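Peer 1: compute the structure for the input listed below.
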Amino acid sequence: MRMMVGFLRKALMLQVRFSLTASPTPQSLHFLLYHLYPFSSSSTSISTSEKSHPFTVSYLVNSCGLSHKDALSASKYIHFEAPEKPNSVLAFFNSHGFSKTQTSKIVKTEPQLLLSDPDKTLLPKLQFFYSKGASKPDIAKIVASSPAIMRRSLENQIIPSYNFFKDFLQSDKMAITVVKRFSRILLFDIHTYVASNMNALQEFGVPKSNIAGLLRNQPMAFMVRPNLFRENLEEVKKMGFNPSQMKFVIAVQAIRAGGKSSWERKIDIYKSWGWSEEEIRLAFTKSPWCMIYSEDKIMTTMDFFVNKMGRESSLIARRPVLISHSLEKRIIPRYSVVQVLLSKGLIDKDFSLPTVFQSTEKMFLHKFVNVYKEEAPELMRLYQEKINLSEKQDFLQAGSGNCRMSTL
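Peer 2: Got it, this is the predicted structure:
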């Protein structure tokens, strides 16, 4: 038994040696002590924390909305016996439009911020984002998504990183969009990841406008080791994608999204609908988005076309862009109109799917609603009801999501 314990201790020491020698943190030290000496006093830090700092734990639960477990964990890194300083921090976030849920998330992730000086430490960072045109909701979203921003140097980290994106995109508005989509990007060494991978795209012949498009829509795609990113570019090029076309960067994004396991699961889903490997390959070259959508999105859309509408799966393989359309906002409302027209014998049962689902709103209404005002006057009302229902469902889902988050 002693030999086994000794072996485990030695293995754990090797596992954490690098992180401790490079940059020891309270978390890494606590991990090491807890696992090497599970029966020492350090292993009971959570229980003793509540006894040693009852006011801190109580404040974190009652004023910050943390769970008891999260409050105990946070109290290992901060403790105070009076509410004035943390109250000023909470009041600061509230005055800048942060919701209670967002503030709670910030405190849970970076509890040390409760002891900071709002005017000296927090305000300058918010003022910087305000000066770039970010709104209060924008800034609240950015900080809540990556609270560590509030502890990083404004002059040495945040401003240089932001300016890199602003200079490349030639727009504060676009730079703020990038930060909103993936705020953690401000915390990394820009030149190690983003700049290196941008250079690789340019070397492959990708136009700057397309690189900017990828950066705006999927900034996380650049957060990968440069050598692996280049391998992805080579793979996409071998598939036949032209680097000068936007499809190339979308294909790169598809390969990066979710990793290898996600890619293989989506392949299996398409195969379950009868697609051959060649059909999947051709569908991907036509519309790389078909490998970006979630597995649930793929399944529900394919189920609707095949089982609800009775169309052949191979037809969707030849027109993979059909999968890109929203089931609730486009496919169901438009098919409801088509069903009425079919029931009245006004259109052929072998109607063109692209004509119905890929045409613009104006064109669809002209061809399938306005033309049949006399024969089917109820079409516009039916169509609008389906659209309104979709919008109502979006609203309810957003509201229920907020409610769930607020009950931390």
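Peer 1: look up phi and psi at F241.
Peer 2: In terms of degrees, to the nearest 10, the main-chain angles of F241 are phi -80, psi 140.
Peer 1: in contact with it, which residues?
Peer 2: Contact analysis of F241 by C-beta atoms under 8 Å, 6 or more residues apart in numbering lists 247-248, 251, 285, 288. Every C-beta, even on glycine, is put in place using the N, C-alpha and C of the backbone.
Peer 1: look up the closest residue to it, ignoring the ones flanking it.
Peer 2: F248 (4.5 Å; C-beta to C-beta, 6 or more residues apart in numbering).
Peer 1: contacts for the host helix or strand of Y162?
Peer 2: Per DSSP states H and E, Y162 falls inside helix 159-169. Helix 159-169 is contacted by residues 128, 132, 172, 174-175, 178-179, 185-188, 190, 194-195, 198, 212, 215-216 when judged by C-beta under 8 Å, 6+ apart.
Peer 1: and stretch 298-308, by the same measure?
Peer 2: With C-beta under 8 Å, 6+ apart, stretch 298-308 has contacts from 266, 269-270, 273, 290, 311-313, 315-316, 322-323, 325, 327, 331-332, 335, 353.
Peer 1: can you select the buried ones from the residues you listed in PyMOL?
Peer 2: Buried residues within the contacts of stretch 298-308, by 16 or more other C-beta atoms under 10 Å, are selected in PyMOL with:
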select buried, resi 266+269+270+273+290+311+316+322+323+327+331+332+335+353
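Peer 1: next step: the contacts of stretch 298-308 restricted to strands.
Peer 2: Using DSSP state E, no member of these falls within strands.
Peer 1: the contacts of stretch 298-308 in helices, which ones?
Peer 2: Secondary structure from DSSP state H places 266, 269-270, 313, 315-316, 332, 335, 353 of the contacts of stretch 298-308 in helices.
Peer 1: and these as TSV, adding distance to S75 and pLDDT?
Peer 2: Formatted as TSV, the ones in helices among the contacts of stretch 298-308 follow (distance: C-beta to C-beta, whole Å; pLDDT from 0 to 100):
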residue	distance to S75	pLDDT
K266	44	95
I269	46	97
Y270	50	97
S313	56	95
L315	60	95
I316	55	96
I332	50	95
Y335	56	95
L353	59	93
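Peer 1: now, which of those sits nearest D296?
Peer 2: D296 has its nearest neighbour among those in I269, at 9.8 Å by C-beta to C-beta.
Peer 1: wait, the closest one sits on E295?
Peer 2: Yes - I269 is within contact range of E295, at 6.0 Å (criterion: C-beta atoms under 8 Å).
Peer 1: which of the contacts of F241 ranks first by neighbour count?
Peer 2: A251 (26 neighbours; other C-beta atoms under 10 Å).
Peer 1: contacting residues for it?
Peer 2: 236, 239, 241, 284, 288.
Peer 1: cool, Q157 as well?
Peer 2: Q157 touches 186-187, counting by C-beta under 8 Å, 6+ apart.
Peer 1: repeat that for K286.
Peer 2: 320-321.
Peer 1: do you know how far it is from K76?
Peer 2: 54 Å (C-beta to C-beta, to the nearest Å).
Peer 1: how about L154?
Peer 2: Applying C-beta to C-beta to L154 and K76 gives a distance of 27 Å.
Peer 1: what does V178 give?
Peer 2: Taken as C-beta to C-beta, the span from V178 to K76 is 35 Å.
Peer 1: can you check P207 too?
Peer 2: For P207 relative to K76 (C-beta to C-beta), the value is 51 Å.
Peer 1: name the nearest residue to E378, ignoring sequence neighbours.
Peer 2: V340 (7.2 Å).
Peer 1: burial count for the one you found?
Peer 2: That count, for V340 with other C-beta under 10 Å as the rule, works out to 19.
Peer 1: again, but for V249
Peer 2: 27.
Peer 1: what helix or strand does it sit in?
Peer 2: Here V249 sits within helix 246-256, counting by DSSP H and E.
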